[in-house]
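1. okay, sequence plus prediction incoming.
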Amino acid sequence: MRIDKYLWCIRYYKTRNMVTEACKKNHITVNGIVAKPSKEVFPTDKITFRKDQITQIITVLDIPDNRVGAKLVDIYRKNETPAEAYAHLELLKLSKEHYRKTGAGRPTKKDRRDIDEFGNEIKDEDEID
């Protein structure tokens, strides 16, 4: 089965066109070799690709006939992505939320004053030491 069809069938990408674009940008490798969309995959092949700021590593266990349901995906692949990669993604999400909530808009005058006050407190502590 072609790599683009395989990754679409096991639900890593929403469309085959998205997989094709990822292949053209050299984001997908099979057994350490950059793959074109037409690259054939076989059981025991190791596929590495970057998606959502995570380098995913999967091993092909079997080839599906067509797109499978989410519950059946584990029959066809073994996910070997390290847990640290998922933890790093969670940390990135939390750090983005900490700074400013989505949809909050530009900082207000009060926000600016709070930021300035916070900066002045840090300067005052440095001068004391």
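-> The structure has been received and is ready for your questions. Numbers count the residues shown, from 1 in each chain.

2. give me the nearest residue to the residue nearest to the spatial centre of the chain, chain neighbours excluded.
-> Nearest residue to the geometric centre of the chain (C-alpha atoms, centre = their mean): Asp52, 2.2 Å. Leaving out its chain neighbours, the residue that sits closest to Asp52 by C-beta to C-beta, 6 or more residues apart in numbering is Leu89, at 7.0 Å. For the C-beta atoms, the positions are set from N, CA and C on the backbone; glycine is no exception.

3. what's the spacing between that neighbour and Arg113?
-> As for Leu89, its distance to Arg113 is 34 Å (criterion: C-beta to C-beta, to the nearest Å).

4. tell me the secondary structure for the residue nearest to Asp52?
-> Here Leu89 is helix, with the state taken from DSSP: H, G, I helix; E, B strand; the rest coil.

5. to what extent is it buried, counted in neighbours?
-> By other C-beta atoms under 10 Å, 13 other residues sit near Leu89.

6. was I right about it contacting Ile54?
-> Yes: counting by C-beta atoms under 8 Å, Leu89 touches Ile54, with 5.7 Å between them.

7. quick check, pLDDT for Gly103.
-> You'll see Gly103 listed with a pLDDT of 58.

8. ok, Asn17 next?
-> As predicted, Asn17 sits at a pLDDT of 92.

9. confirm it sits in a helix?
-> Yes: checked against three-state DSSP, Asn17 lies within a helix.

10. what sits against the residue lying closest to Lys51 once chain neighbours are set aside?
-> Using C-beta to C-beta, 6+ apart and skipping residues adjacent in sequence, the residue nearest Lys51 is Tyr12, 6.7 Å away. Neighbouring residues of Tyr12 by C-beta atoms under 8 Å, 6 or more residues apart in numbering: Val19, Phe49, Lys51, Gln56, Ile58.
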